[in-house]
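**Student:** Below is the sequence, then the predicted model.
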Amino acid sequence: MPGPSPGGSPERETGAGGRPRGPGRDRRVRFRLPHTAIALPTVREEERLFYRRLEALAVPGPGGFGPLFAADGWSDLTDDRLLRKRVVRAGLGGPQPRPGQEVSVKVLGALEDGGLVERDPRLTFVPGHGDVVQALELGVPTMQPGEISFFLAACPYAYGRPGREPDVPPEAPLLFEVTLLEVRDGPDPQPLPPAARLRLGSQRRERGNFHFARADFAAALRSYRLALHALDGPATAPPGPEEEEELQEQRVKCLNNCAAAELKLGRVEEALAACEAALRISPDNGRALLRRGQLLAEQGRDAEAALVLRRALELDPASKVIHAELSRLAKRQSAPSSTASQDPRHDPMPPPSPGSPAPPTAEGAV
């Protein structure tokens, strides 16, 4: 799910897909026949129905959502029992969404105190693309068209430990009411103008940063790869010089973020490959040079690491991080021969002593 939109006003609701929603208004469908008008439920009427369903669950109240995580009548979607489902109205009997299909859902979501923090009458996404919170990513594929269900989500499956400013507090559980409106085959990649590719790539990269900040590194990596796919997708016209420069900058950011996520997942070779891909685009990118030097040093390739780090230092002579990495390399190379003789090619960087600060790294998402 995309992160919060800065500077939102209290009168504007933020939908489950991160899109702002205006205040509720009556909606009518009018036909050209005389005296014919079909009134659709207003947003406020939908909210009243939602709260009646909440009251039937005995929430909100002093106990909050806590009792619901152990209550009967719910099915567990995850082994940790932190994401639960309760069917409100059965579907129409159609098939559940398959991988790669696009879905449209109506979403309402409330905090334990009953505060409505999600309202989206038609949120469209492809499950698995990382564009929405995990409660929807994992929950919607279990639904049938026409089904209405509650999804009770502890913070790891909602907005994580940080929450979402200004309306979702840290570590807040959420209760979503979801209606599956439509399931259809995923759209084929369409040629886009360069500006649209840039917007889509930036949106998915920011979504990856959202996951990264919440320590969901697999989801972050998936979003960064989708961002690269958007940036490299078919175009309706060749980019101009400024657009091409911005596309390259975005690619380098995504590759650096891929490297950071791969490292968090313990995949050193994949992280190194992402750094090298970034450097093929931008040979003097300081972040990629630093991380590549660190990874080479971790593999015991000290001579290569030193060359890369010295180049990084030429570009940023005041960097304390680069100086520290070169200092660590120098200390290791000057270690007693008895230690180095074990296997200097694979001698890992020494761990910090107890109580000492961790060595500086280039980790992080941009």
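**Tutor:** Done, it's in.
**Student:** quick one: which helix or strand includes the closest residue to Glu246 other than its chain neighbours?
**Tutor:** Leaving aside its sequence neighbours, Glu246 sits nearest to Leu198 (CB to CB, 6 or more residues apart in numbering; 5.9 Å). Every residue, glycine included, has its C-beta placed from N, CA and C. Element membership for Leu198 (DSSP states H and E) is helix 194-213.
**Student:** What residues of that helix count as buried?
**Tutor:** Buried positions in helix 194-213, judged by neighbour count with 16 or more other CB atoms under 10 Å: 194, 197-198, 200-205, 207-212.
**Student:** Can you tell me which of those residues comes closest to Tyr157?
**Tutor:** His211 (12.3 Å; CB to CB).
**Student:** ok, the closest one touching Ala220?
**Tutor:** Yes. The pair His211 and Ala220 qualifies as a contact (CB atoms under 8 Å) at a distance of 3.9 Å.
**Student:** Give the residues shared as contacts by the two.
**Tutor:** Gly130 (CB atoms under 8 Å, 6 or more residues apart in numbering).
**Student:** Please look at Glu262 and Leu221 and confirm they touch.
**Tutor:** Yes. With contact defined as CB under 8 Å, Glu262 counts as touching Leu221 (6.7 Å).
**Student:** and those two? which has more neighbours close in?
**Tutor:** Remark: of Glu262 and Leu221, Leu221 carries more neighbours, 25 against 22, as counted by other CB atoms under 10 Å.
**Student:** Now do the same contact list for the closest residue to the more buried one other than its chain neighbours.
**Tutor:** In this structure, Leu221 finds its nearest non-sequential neighbour in Ala261, 4.1 Å apart by CB to CB, 6+ apart. Ala261 makes contacts with 208, 212, 217-218, 220-221, 224, 365, as judged by CB under 8 Å, 6+ apart.
**Student:** Pull up the gap between Ala261 and Ala237, please.
**Tutor:** 32 Å (CB to CB, to the nearest Å).
**Student:** any idea where the helices of the stretch 151-300 of the chain begin and end?
**Tutor:** 194-213, 217-231, 241-264, 268-281, 286-298 (DSSP state H, counting those that start in this stretch).
**Student:** Name the residues that touch the shortest one?
**Tutor:** If you take CB under 8 Å, 6+ apart as the criterion, helix 286-298 is touched by 252, 255-256, 259-260, 263, 268, 271-272, 275-276, 278-279, 282, 302, 304-306, 308-309, 311-312, 315-316, 319, 321-322, 325, 328-329, 348-349, 361-363, 366.
**Student:** show me where pLDDT drops low in this structure?
**Tutor:** Applying pLDDT under 70 to the chain flags the ranges 1-43, 58-63, 187-189, 336-364.
**Student:** Which segments of it make up each domain?
**Tutor:** 40-184, 194-340 (automatic domain parsing).
**Student:** right, and Leu326 touches Leu313 too?
**Tutor:** Yes. Using CB under 8 Å, Leu326 is in contact with Leu313, at 6.9 Å.
**Student:** that's a strand at Arg122, yeah?
**Tutor:** Yes. According to DSSP: H, G, I helix; E, B strand; the rest coil, Arg122 belongs to a strand.
**Student:** how about the nearest residue to it, chain neighbours excluded?
**Tutor:** Ser104 is the one closest to Arg122 (CB to CB, 6+ apart), at 5.5 Å.
**Student:** Thought Val126 was touching the one you found, still the case?
**Tutor:** No. If you go by CB under 8 Å, Ser104 and Val126 don't touch, sitting 10.9 Å apart.
**Student:** need the strands for this protein, in chain order.
**Tutor:** 13-14, 20-21, 28-30, 37-39, 75-76, 83-89, 102-110, 116-125, 148-153, 174-184 (DSSP state E).
**Student:** Of those, which stretch is the most buried?
**Tutor:** strand 148-153 (a mean of 24; mean count of other CB atoms under 10 Å).
**Student:** name the helices or strands packed onto it?
**Tutor:** Packing partners of strand 148-153 (3 or more CB pairs under 8 Å, 6 or more residues apart in numbering; DSSP states H and E): strand 83-89, helix 134-139, strand 174-184.
**Student:** got the ones you listed as JSON lines, with distance to Arg44 columns?
**Tutor:** Output for the helices and strands packed on strand 148-153, formatted as JSON lines (distance: least, CB to CB, whole Å):
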{"stretch": "strand 83-89", "distance to Arg44": "19"}
{"stretch": "helix 134-139", "distance to Arg44": "24"}
{"stretch": "strand 174-184", "distance to Arg44": "15"}
